[in-house]
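Trainee: Here is a sequence together with a model predicted from it:
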Number of protein chains: 2
Amino acid sequence: MLSDIEISRQSPRLPIQVLAEHLCIPAHLLSPHGHHKGKLSLGLLNQPAGKAGKLVLVSAITPTPLGEGKTVTTLGLSMGLNHIGQPSIATIRQPSLGPVFGVKGGAAGGGHAQVVPMEEMNLHLTGDFHALTAAHNLAAAALDARLFHEQKLGDEFTARTGLQRLDIDPANILWPRTLDMNDRALRHLSIGQGGPGDGVERTDRFVITAASELMAILALAGDLKDLRTRIGRIQLALDNRGNPITAEQLEVAGAMTVLLKDALQPTLMQTTEQTPVLVHAGPFANIAHGNSSVIADRMALQLTDYVVTEAGFGSDMGLEKFFNIKSRQSGITPACVVLVATVRGLKANSGLLDIRPGQPLPESLLEEDLPTLEQGCTNLAWHINNARRYGVPVVVAVNRFPTDSQAELALLMREALRAGACGTAISHAFTQGGAGASELAQAVVAACEMPSQIQLLYPDDMSLCAKLTTLVECGYGGRGVLLSDKARRQLAALSRAGWDHLPICMAKTPLSISHDPARKGVPTDFEVPIDEVRLCAGAGFVYALAGPIMTMPGLGSLPAYRHIDIDDDGEIVGLS
Amino acid sequence: MLSDIEISRQSPRLPIQVLAEHLCIPAHLLSPHGHHKGKLSLGLLNQPAGKAGKLVLVSAITPTPLGEGKTVTTLGLSMGLNHIGQPSIATIRQPSLGPVFGVKGGAAGGGHAQVVPMEEMNLHLTGDFHALTAAHNLAAAALDARLFHEQKLGDEFTARTGLQRLDIDPANILWPRTLDMNDRALRHLSIGQGGPGDGVERTDRFVITAASELMAILALAGDLKDLRTRIGRIQLALDNRGNPITAEQLEVAGAMTVLLKDALQPTLMQTTEQTPVLVHAGPFANIAHGNSSVIADRMALQLTDYVVTEAGFGSDMGLEKFFNIKSRQSGITPACVVLVATVRGLKANSGLLDIRPGQPLPESLLEEDLPTLEQGCTNLAWHINNARRYGVPVVVAVNRFPTDSQAELALLMREALRAGACGTAISHAFTQGGAGASELAQAVVAACEMPSQIQLLYPDDMSLCAKLTTLVECGYGGRGVLLSDKARRQLAALSRAGWDHLPICMAKTPLSISHDPARKGVPTDFEVPIDEVRLCAGAGFVYALAGPIMTMPGLGSLPAYRHIDIDDDGEIVGLS
């Protein structure tokens, strides 16, 4: 089989204007970026006579280092729907540059289910991440500059500038700096070390752009005005009396919004089969909600009959957050959930195998092993039940690998139906594109006809504490939360400050349904320790840290960038 | 008169495809970015039957805090040439975001001589600066990651990775990090402070993106292959034995080039009168050469009859570097130089006035004062002679302000002709657009018909030391250089390492012809102290630090970002 980039290069492509015409997008609402990408104006949301598409939410079993192929299945399903005559658009997140140059490679799908041109998708795209980086760092620079000028001018500050003092507490600056890069040396640093004139010395940290609150805001904003309001609400720091200082108070929210004006427009691209894809935003699925944007989903739902979107990690993470954060804020709800499972992923979820990076895979993964698979299927059953709890029908998509035996595939599908899936199908999208996902598409169409009644896990008017407990007990099947003193104090303060109405965004490991990555399958009898909670006033959620969460990845000792180059014809090589 | 952004909004605009058609650019070589910007493929350089345009280089008197309006005159002249039936393209640098949010506002020209849409020009444009930031920081992250892994794995590094050790000396890392932001707190910092796993602790610094060597490389590269070669040559650090470690050795040069592939394409835009402009690169004019790109100039020269380009600061800076660095490396030479002067700028250059930021301007600036102007004209005469030394005819453009008296304008033009200018003209481009610059355009056409014989200041095969001395003595009229011990050692080392063939890039103040900003007019009897010299192996020059040079600006106490916002219609306000 050809490499991803070879398949991408050989795929026939529609000029972006033609692709937009197929979707009946007026020319003036498409802003082309090169020949195969274009930004869609928010004016599209106000067009009359839009369609009322059905949303399909793609989630997965507990992820494993082997990779389940969720993006491949998302794109493949959308291609499969188009293949069987059901017009569909996929809405997915933009990849971060960090992993592209680190280890993972790109995030444009793979094989015959890719977004093309994959190099444009995986590199700068239309510059949204760069715009986020700039807007984020403008706020950071503005904050440090204000701190510096207030200290330098002292009592004269107001007389000299006409501005009220903010009295920023340098020990309580909540807003980090950001880069879209894997750069571990920037996790902890001290800035302002040049002496007088070069800023106030303090400790600081960088997070990767996907971990910026601005990324979550971009993904949750309903329109430009809402974006402006949310940015104004961001709490950048505390003052010396412990009161929050917002971006509005620093007078930087307008300029940040201006930097993000174009980034608020989703980017239209196409798959290897010229079906439309909207690429937009890329929030992490731990400290943020891990879904593409409200605007992209809403736009796609107006443009077509089926919209296939993907939520980050397993159903305990991105799917839970889709409902309890994104649906809650936007009113957008799926008509059906697709859970991606693989035979080898479920075997790995059995807890019976010893899989370690850098070591050969256990034979059981590569040969038929029904008992291990059956044990792993408890994880699948859990995720099916978890998705059904939100009141939607669930289809299980088996992303087929060459090593899967017929008996294993049959067992997996039997177990899925037994656990409550309304349909199952094997996806061959990686090797066959949309045709290989037509069976899955049929199952999804059938599921979308079934009744659904959306039910969130908790109402708005429940305290943050009670929401946390509900999430752990009802969402994960744990015994409750174990709050640190710090978290307890923070929750009380948030409650007093009037933030109890916000939903919870759990920042925990994706590698277990519990907080402990070592606990595979279906963990029970666990309490989730919460070290700390943090308010994202702009994004509109409170995130709870259940263990250490990496917000700035590092480059490994054999990083991917080493193989990325241009060839003699000026073409990019080494991207995957 | 309307504000800049109002004029920009009201200007009629051609769709970018139509503008490109007017220039006979084949559609497949234009990559539109929105409706009014487009990138031009490097394939354009290989098109047969191109024109052989004449290049006009716009420089200026010694700059003052008042602003001489060099970009306005550059754009106005190009519009004026088109106005009198001489097809012309302006090639200018891309503005940095830092000053846009700091104090200066934008750099898209002003009044009726602007690049439109000015907000797209002043904000992200087509993402080139962001791409540079990413490529620069990838190298920085790669360097720190390699340092970390070699330290962590120790003697096992090679066995575990198959890579040779680079033995990076953490005290000799030459490559800073970068952001396109005014952020003084990042001038001096300590990174890697998170303990084991979070990198190696060391001091570091950020420079603004325009000060990255990559910016100079982008502006000087001849094609994609040359870009790749130059990036590979960049010296990122020294090893523990003092040997340079290049981007090629770190295996990161390919990935950096891939990130800059699109950024190597100039961006086509238009003026307020729909005349074409190429916007590309934005190197500083102190530590770099301060000119738009070789590729943009070359492309424009193939597309039209006249190309008007602008060099940073006064003729002692950007113009000197245009010849001795850019012409030397590219073979591109101007047919004529335009020196922009203003009555008030020359008065300020007299050294007789006391002009201080934040204080009212002296009356002499705002009223007729012939003696002060006459004294200031010695500075103009110096710059005319300086430009003529390179063998090209010089036209003086007087950028007219409302406070200028007729007698003052007459004096200025008389002094210009007396000093050797072959022509003079008053430019009204700010208030009248191209029509207001038609007289200037006529003078430039006449000058371009005059004979020229380009002569650089020094040959390649002169030692770096001798080049420095020549630059100060013949270039500035000083008595020579005063090398610090450090500079002397560095020059000797560079000579030994075989870099003597490179040109010198002087990093000095632009506010005086000498190194001392307090010395106005025509300083004589000075020696330029050189603290340090640094090799830019990728850009292909050695820069010499004559005093402190700011490579990371800060935000003032009343920064411009405070007024930038979106209005109720979603339009940007507050940009100027």
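Mentor: Right, received. Where do you want to start? Numbers count the residues shown, from 1 in each chain, chains lettered A, B, ... in the order given.
Trainee: which helix in chain A runs the most residues?
Mentor: Criterion DSSP state H: the longest helix present in chain A is helix A:128-153.
Trainee: Show me which residues of the helix or strand bottoming out on mean pLDDT in chain A are buried.
Mentor: The weakest-scoring helix or strand in chain A, judged by mean pLDDT, DSSP states H and E, is helix A:363-366 (a mean of 86). Within helix A:363-366, the residues that count as buried by 16 or more other CB atoms under 10 Å in any protein chain shown are A:364-365. Bear in mind the C-beta positions are built from the backbone N, C-alpha and C, glycine included.
Trainee: Low-confidence stretches in chain A?
Mentor: Within chain A, the stretches with pLDDT under 70 are A:49, A:104-105.
Trainee: before we move on, back to that, any part of the longest helix of chain A near chain B?
Mentor: Yes: interface with chain B: helix A:128-153 contributes A:130-131, A:133-134, A:137-138, A:140-142, A:144-145, A:148-149, A:153 (CB under 8 Å from any CB of the partner chain).
Trainee: what's the angle between that helix and helix B:128-153?
Mentor: Computed by axes from the mean of the first three to the mean of the last three CA atoms, to 10 degrees, the angle separating helix A:128-153 from helix B:128-153 equals 80 degrees.
Trainee: which residues touch the following helix or strand past helix A:128-153?
Mentor: Scanning forward in sequence from helix A:128-153 by DSSP states H and E, the next helix or strand is helix A:157-161. Helix A:157-161 has contacts (CB atoms under 8 Å, 6 or more residues apart in numbering or on different chains) with A:149-150, A:153, A:163-165, B:557-558.
Trainee: Does residue A:345 touch residue A:64 like I think?
Mentor: Yes: using CB atoms under 8 Å, residue A:345 is in contact with residue A:64, at 5.0 Å.
Trainee: In ChimeraX, how would I select the buried members of the residues of helix A:128-153 next to chain B?
Mentor: Per 16+ other CB under 10 Å, the buried members of the residues of helix A:128-153 next to chain B correspond to this ChimeraX selection:
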select /A:130,131,133,134,137,138,140,141,142,144,145,148,149
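Trainee: who's in contact with whichever strand or helix holds residue A:268?
Mentor: In the assignment (DSSP H and E), residue A:268 maps to strand A:267-271. Outside strand A:267-271, the residues that touch it by CB under 8 Å, 6+ apart are A:13-14, A:16, A:19-20, A:23, A:25, A:30, A:33, A:36-40, A:75, A:78-79, A:90, A:94, A:109, A:113-116, A:120-121, A:125-126, A:128, A:276-280, A:434.
Trainee: residues near the residue of the stretch 301-450 of chain A found nearest chain B, how many?
Mentor: Nearest residue of the stretch 301-450 of chain A to chain B, counting by CB to the nearest CB: residue A:358, 9.4 Å away. A total of 5 residues lie near residue A:358 under the criterion other CB atoms under 10 Å in any protein chain shown.
Trainee: helix/strand/coil for it?
Mentor: Recorded secondary structure, residue A:358: coil (DSSP: H, G, I helix; E, B strand; the rest coil).
Trainee: ok, it - contacts?
Mentor: Applying CB under 8 Å, 6+ apart, no residues contact residue A:358.
Trainee: Tell me how far it lies from residue B:160.
Mentor: Separation of residue A:358 from residue B:160 (CB to CB, to the nearest Å): 9 Å.
Trainee: now the strand holding residue A:268 and helix A:128-153, what's the angle there?
Mentor: 150 degrees.
Trainee: partners of strand A:267-271 in the sheet?
Mentor: In the sheet, strand A:267-271 lines up against strand A:38-40 (antiparallel), strand A:113-116 (antiparallel), strand A:276-279 (antiparallel) (DSSP bridges).
Trainee: May I see the buried residues of that strand?
Mentor: The neighbour-count check on strand A:267-271 (16+ other CB under 10 Å) flags A:267-271 as buried.
Trainee: just to revisit the earlier point, which other helices and strands contact the longest helix of chain A?
Mentor: helix A:157-161, strand A:168-173, strand A:177-179, helix A:213-220, strand A:235-239, helix A:253-260, helix B:97-101, helix B:128-153 (3 or more CB pairs under 8 Å, 6 or more residues apart in numbering or on different chains; DSSP states H and E).
Trainee: quick one: which of these is nearest residue B:491?
Mentor: Relative to residue B:491, the nearest member of those by CB to CB is helix B:128-153, separated by 25.6 Å.
Trainee: still on that earlier bit, closest to chain B out of the buried residues of strand A:267-271?
Mentor: Once CB to the nearest CB is applied, the member of the buried residues of strand A:267-271 that ends up nearest chain B is residue A:267, at 12.1 Å.
Trainee: what residues are up against the residue nearest to residue A:484 when sequence neighbours are not counted?
Mentor: Excluding its sequence neighbours, the residue lying closest to residue A:484 (CB to CB, 6 or more residues apart in numbering or on different chains) is residue A:531, at 5.2 Å. Counting by CB under 8 Å, 6+ apart, residue A:531 makes contact with A:484, A:486-487, A:545-547.
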